[in-house]
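J.: requesting a structural model of the entry that follows:
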Amino acid sequence: MSKDRATVAADGTVLPILPPTRDARVWARMVRVVFYTPGFLALLLLKAGEPTSFGVTIELLMLSSAAAIVAGLYIGTQSADAGADHSSRIGTWSGSLVLELLAVVPFLCAVPSLFHELAHSTLLHSLSSGEVAVNLGASELLPMVAVLPFMLYQLAGFGTLHFVVSRPANWIINIGILVLIVAAYVAYRQGAYHVERVLTGLLVIAMAITVFYGVLKLRSMQTDYDLRSPPKSPK
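T.: Take a look at the predicted model:
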C-alpha cells in the first residue's frame with residue numbers, strides 16, 4: 001500500500017483502516033529467529049530429561065517454533081503486483097498476527113518457568129559436595145517483565161491486532177494474556193501442573209481463535225477496500 005492510501009471511497013463512505021505497509025523481509029528474518037530459538041531451548045530440556053515440570057514448557061516452546069513456520073507461509077504469499085488477489089495482499093499482516101499471538105505469546109508464557117528450570121534443575125546441573133543452592137528470590141520474576149513491553153507493543157498500536165479488533169477488545173485480550181501467564185506460572189511454582197496445563201491450554205486456544213478471526217477479518221477488510229477503491233493498474 002502507498003502512503004497516500006485512500007480513506008474515503010468514491011461514494012463518500014469511509015474505507016476500512018488497514019495496517020500500514022510492512023517490510024516482509026524483516027518479518028521473514030523474525031520467522032527464522034522465532035523458529036530456531038524456542039526449538040533449541042525445547043531440545044535442550046528434552047535432552048536433559050522430561051520431568052513433570054518440564055512438560056508444559058516444552059509444549060509451549062515447540063508451539064512457538066511451529067507457529068513461526070506457519071507465519072512464514074503467510075508472509076511468503078505477500079504480493080501487491082498485478083494479479084495479486086485479496087489474500088496475497090494481506091500475507092505479511094496475517095503472518096505477523098500468527099507470530100505475535102501464536103509464537104511470541106507462548107514463548108513469553110514459557111520463559112519464566114524455563115528460567116526457573118535452568119536455574120534449579122538437578123538434571124541440568126548437580127550441586128557439588130558442600131555447595132549451597134542459591135535462592136534467586138524475586139529476581140526469578142525478571143524474565144516475566146518481557147510481557148509488559150509486549151503489551152505496550154499491542155496497546156500502543158504497533159501490533160496487527162490493533163487493526164482488527166476494537167480498542168476495548170484489544171485491552172481485554174492483552175490483560176487476559178497477562179493474567180493467564182501469571183496464573184500459569186503461579187500454578188507451576190506450586191506444583192499444580194494440571195492447573196498450569198489448563199491455564200496454558202486456555203491461553204493457546206484463545207490466541208488460536210483470535211488469529212483465526214483476525215486473518216479472516218483482514219481479508220474481509222481488504223476485499224471491501226479493493227471493491228470500493230480498486231487498486232490502480234500498473235503503468
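J.: so what's Ala10 up against?
T.: Residues near Ala10 by Cβ atoms under 8 Å, 6 or more residues apart in numbering: Arg228, Ser229. (C-beta placed from N, C-alpha, C; glycine too.)
J.: on the three-state scheme, it is what?
T.: Three-state assignment for Ala10 (DSSP: H, G, I helix; E, B strand; the rest coil): coil.
J.: show the pLDDT at Val8.
T.: pLDDT, Val8: 77.
J.: is it in a bridge, and if so with what?
T.: Val14 (DSSP bridges).
J.: surely it touches Tyr225?
T.: No. Applying Cβ atoms under 8 Å, one finds Val8 not in contact with Tyr225, separated by 11.5 Å.
J.: now the nearest residue to Gly55 once chain neighbours are set aside: phi and psi?
T.: Nearest non-adjacent residue to Gly55, counting by Cβ to Cβ, 6 or more residues apart in numbering: Tyr193, 7.1 Å away. Tyr193 adopts backbone torsions of phi -70, psi -30, taken as degrees, to the nearest 10.
J.: tally of neighbours for Tyr193?
T.: 16 (other Cβ atoms under 10 Å).
J.: in stretch 31-51, what's buried?
T.: Val31, Val34, Phe35, Pro38, Gly39, Leu41, Ala42, Leu45, Ala48 (16 or more other Cβ atoms under 10 Å).
J.: state the distance from Ile58 to Leu141.
T.: To Leu141, Ile58 is 21 Å away according to Cβ to Cβ, to the nearest Å.
J.: neighbour count: the two, which is higher?
T.: Taking neighbours as other Cβ under 10 Å, Ile58 and Leu141 compare with Ile58 leading, 20 against 14.
J.: before we move on, the earlier item: what do Val8 and Tyr225 both touch?
T.: Going by Cβ under 8 Å, 6+ apart, residues that sit against Val8 and also against Tyr225 are Leu15.
J.: comparing those two, which residue is more hemmed in?
T.: Neighbours were counted for Val8 and for Tyr225 using other Cβ under 10 Å; Tyr225 has more, 21 against 11.
J.: list the contacts of that one.
T.: Leu15, Pro16, Leu18 are the contacts of Tyr225 under Cβ under 8 Å, 6+ apart.
J.: would CSV of the residues you listed with neighbour count and distance to Trp93 be doable?
T.: Converted to CSV, the contacts of Tyr225 look like this (neighbours: other Cβ atoms under 10 Å; distance: Cβ to Cβ, whole Å):
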residue, neighbour count, distance to Trp93
Leu15, 16, 16
Pro16, 17, 12
Leu18, 18, 8
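J.: with those residues in mind, which one is nearest to Val145?
T.: Checking the contacts of Tyr225 against Val145 with Cβ to Cβ, the nearest one is Leu18 at 32.3 Å.
J.: all set now, cheers.
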